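Engineer: Got a sequence here, can you model it:
(2 chains)
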Amino acid sequence: MQVTRRQFFKLSAGGLATSTLAMLGMLPQNALADVRSYKLLRATETRNTCPYCSVGCGILMYSLGDGAKNAKSTIFHIEGDPDHPVNRGALCPKGAGLVDFVHSENRLKHPEVREPGAKEWKRISWEEAFERIARHMKQDRDAHFVEKNADGVTVNRWLTTGMLCASASSNETGWLSQKFVRSLGMLAVDNQARV
Amino acid sequence: MTNHWVDIKNANIIVVMGGNSAEAHPVGFRWVIEAKTRNKAKLIVIDPRFTRTASVADHYAPIRTGTDITFLSGVIRYLLETGKYNKEYTLAYTNAALLVNPDFQFSEGLFSGYDEATRKYDKATWSYQLDEKGFARRDATLQDPRCVLNLLKAHVARYTPEMVERICGTPKETFLMVCEHLAGTAAPDRTTSFLYALGWTQHSIGSQNIRTMAMVQLLLGNMGMAGGGVNALRGHSNIQGLTDIGLLSTSLPGYLTLPSEKEADLAAHLAKNTSKPLADGQMNYWQNYPKFFVSLMKSFWGDNASSGNNWGYDWLPKWDKGYDVLQYFEMMNQGKVNGYICQGFNPVASFPNKNKIVASLSRLKFLVIIDPLVTDTSTFWKNHGEQNDVKTEQIQTEVFRLPTTCFAEEDGAIINSGRWLQWHWKGADAPGEAIADVEILAGIFAKLKALYAKEGGAYPEPIMKLAWAYANPMAPKPEELAKEMNGKALADLADPKEPGKFLARKGELLPGFALLQADGSTSSGCWIFTGSWTQAGNQMARRDNTDTGFGNTPAWAWAWPANRRILYNRASARPDGTPWDPARQLIKWNGEKWVGIDVPDYKLDEPPGSAMAPFIMQAEGLGRLFALDKMAEGPFPEHYEPFESPIGTNPLHPKVVSNPAARVFKGDLADMGKADAFPYAATTYRLTEHFHYWTKNVRLNAILQPEQFVEIGEALAKEKGINHGDMVKVSSKRGYIKAKAVVTKRIKPLTVDGKTVHHVGIPIHWGYEGVAKKGFIANTLTPFVGDANTQTPEFKSFLVNVEKL
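Structural biologist: This next block holds a predicted model:
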């Protein structure tokens, strides 16, 4: 569902877009000198949904970077999707600031650990993070897993570790989380719907 | 929402109560304005504060926080006393005429069956009178004193306009004006749409707030109608989806139930959850529970689930009680929890009594944070001065913080309040080493699996047997997971009507949940999503915004269930099939089947005039004015005071002040304040410029609303010598915050039970992390008690004191 502006204009050659371009003095054969290269013309447009409230406003994200190996794509503008039947191009003050969320200085960038009693974070690798977390979980699960209750009924539950799931994550993440927690025997599972 | 955002434009009356949609859902609120300008709709706002929604309303009614049941029960009384309700709808489509168990009763604030020691009800009498076939008895003449309608009349008789004014503080004339507006939509060609949000859920009586409104909508005949319905405006972008996928302590996807330990085997679980009809000729759709459950088991365990092992039933954990977050943090506080994973969740800021939350996290052995942003929870162990005064070196919790992608950096679907599954696409890579949530889960799971394979350990079977047939086991693709939820045929599914033909061939994605089977020949991770990704492709990615009528856009994205946009739409027509309002006909009978602009919510070939009632998920097919045993505190709603009440009594029954079925832990009860020391009714809320605790990390929003404040009415400010802009200390029994005072005309004192009650308004968006100015966690103040059904905390009604600093 990604259409670059360039492709869009190619597709609509001879249509309204072309005449608009001509009015802007941008029709190549008429150009006597280089015109300013508009950033939007080089942008890739990607459709997404606002991650904040549940109105589910459609958004258009504009990024630079054409997918080439050394050109890392980065989003520089986000606006409402005019085709969306609910928001019809509009966004609220939260949605209007989305590009600052994507590029927040408080985005996390590396796995870290805070050791017991420590005052600071320490950067670790993903491998170390997975290894240490899995070890913690297995130790706790092995020590506290309940196979049968007092009446001898098979209950297979693990109550000493729990998980909060994210109601801003996708359905697909939610489904894998459900498989993850239940296969381990967790019952202390909730998402923001609880609060 | 039973309806959807655009459908709000079809309403004649819009009531915003228990929410502030102009502020919290501003773009969705455009459809309210559309209804006002194009449909001449009237907007009524009922709220303790004169909100941004109230500022564009036709009518505003003030109300004391936590008294909505009184107000709405007063409305029900008005409708029944004056006869201004849709009698034909009520008789045919609700359980008004059904007869209730002769031993059911209500007296002095308690329903029959209460046990004070356990604070629970024995609900045996909360039932219908049954005939020899096991069907509910009914009196279509509505003369029997035990029919639901007559019991309801008697129950709400106490909620006079005078009582409403006494408890709610709403002037009697204002209340009656609202009643008249609502009653006008009992006409078949007029509807009310109710819009609510956390202002109704976050109470110890939250579920019954919503239920009382739903009863009003049934009496008015507004359920199933375009421009009607019960419309929950949900708080997060995919809170609907995570709920649908069952990420709650005792739930499974598609509103199936995780088995309890009382259901020792599969047969017991299916017997408990497979609905038996309570009336003749009903669809009773939950009779299909086994098909959905077995298909889920096939998605969980793949080929490892077979009839021989009861589809892996033993591999599921069985619960003894719900481990909701209040229960779990109570256990954590007692040192009974060792590990916790917070995926995109900030409990230090989001849960009540922040100091208890921090103390609880400090007792963990390990905490795993999975988030795109810095959260207050991730640094709970750091001393942030007065805002988080902890002794870091004494906190022995090992904290892992794992960076994940945000919305812009992944593909997938999220579900809006209108139940639309909308697919989105990745626009860029995540910063640094951040990876997707599914890769993090896969990474941990792969390590665990390897450790169990190598070392053995406690009951490894479910870990080893879990289906994980993804092309790259370390990075399952969203498409793979979406298809897994949709479900597929695991064998050729023969068409029972036409021998030799097949409904689906082995391996095909299923077009709808009607094809799901209980014999292991189908899989589906979430049956209500079946049809979202079919052989025809990803239906959630559809982008045809053609309006087929009344703002319905059936080819835009995909709505559960079955791409239906207005739930219960069979009730938009009379039993004989003629529409209540010919100008907004949603479905019609064409002589062979039901057709229309929406997917009919009914058996397609069931002709008009049959016995089958429109609420097909219910065992008797009817909307319930009497809730049977489905609610914790009673089959009828009753007013109970917040656990911290500014009047300290319940004018209806002084011996039962607050919700008798709400669970309160001992230490938390001792932490409840009284009006002598904490005289003001406080409520927390959100601002349009911020989203919960995320946007304090977002520069633009931090600029728009940089600094923490509380709102105080002019009268209280004068009494306390507080000027606009002064710093104030707001305290509850559990802690304090300091913030700027906004002195406003928008909060006025109310007269309640002969006393003057002031409200204090507390926006929630600040904390000790973020790019905005640092602030206090508002939930330092809030009480650790929840709704008796959902355990949603009582964030909207508690007591505080205010002092000038």
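Engineer: C-alpha from now on. contacts and neighbour counts both.
Structural biologist: Will do.
Engineer: can I assume B:Ile566 sits in a strand?
Structural biologist: No: per DSSP: H, G, I helix; E, B strand; the rest coil, B:Ile566 lies outside any strand segment and is coil.
Engineer: Could you report the neighbour count for the closest residue to it other than its chain neighbours?
Structural biologist: Distances taken as CA to CA, 6 or more residues apart in numbering or on different chains put B:Asn3 closest to B:Ile566, at 4.6 Å, once the chain neighbours are dropped. Neighbours of B:Asn3 under the rule other CA atoms under 10 Å in any protein chain shown: 27.
Engineer: does B:Asn3 belong to a helix or a strand, and which?
Structural biologist: Counting by DSSP states H and E, no helix or strand carries B:Asn3.
Engineer: Next, it: phi, psi?
Structural biologist: phi -110, psi -150 (degrees, to the nearest 10).
Engineer: what about it, distance to chain A?
Structural biologist: Distance from B:Asn3 to chain A, counting by CA to the nearest CA, to the nearest Å: 13 Å.
Engineer: so who does that residue touch?
Structural biologist: B:226-231, B:418, B:565-567 (CA atoms under 8 Å, 6 or more residues apart in numbering or on different chains).
Engineer: can you pull the pLDDT of it?
Structural biologist: As predicted, B:Asn3 sits at a pLDDT of 97.
Engineer: A:Thr20 too?
Structural biologist: Looking at A:Thr20, its pLDDT reads 44.
Engineer: which regions of chain A sit below the pLDDT cut-off?
Structural biologist: For chain A, residues meeting the criterion pLDDT under 70 lie at A:1-35.
Engineer: Just the C-alphas of the biggest helix by length in it, formatted as CSV.
Structural biologist: When chain A is parsed with DSSP state H, its longest helix is helix A:126-144. Taking Å, rounded to 0.1, in the frame of the first residue of the first chain, the C-alpha atoms of helix A:126-144 are listed here in CSV:
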residue,chain,number,x,y,z
TRP,A,126,19.5,-8.6,23.2
GLU,A,127,21.2,-12.0,23.6
GLU,A,128,22.1,-11.2,27.2
ALA,A,129,18.6,-9.7,27.9
PHE,A,130,16.8,-12.8,26.6
GLU,A,131,19.2,-15.2,28.3
ARG,A,132,18.9,-13.5,31.7
ILE,A,133,15.1,-13.0,31.5
ALA,A,134,14.5,-16.6,30.5
ARG,A,135,16.6,-17.8,33.3
HIS,A,136,14.7,-15.7,35.8
MET,A,137,11.4,-16.9,34.5
LYS,A,138,12.4,-20.6,34.4
GLN,A,139,13.8,-20.5,37.9
ASP,A,140,10.6,-18.9,39.3
ARG,A,141,8.3,-21.1,37.3
ASP,A,142,10.1,-24.3,38.3
ALA,A,143,10.1,-23.3,41.9
HIS,A,144,6.4,-22.2,42.1
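Engineer: Can you mark which positions in that helix are buried?
Structural biologist: Across helix A:126-144, burial judged by 16 or more other CA atoms under 10 Å in any protein chain shown covers A:126, A:129-131, A:133-138, A:140-142, A:144.
Engineer: Quick check: what element follows it along the chain?
Structural biologist: Next in sequence after helix A:126-144, counting helices and strands by DSSP H and E, comes strand A:146-148.
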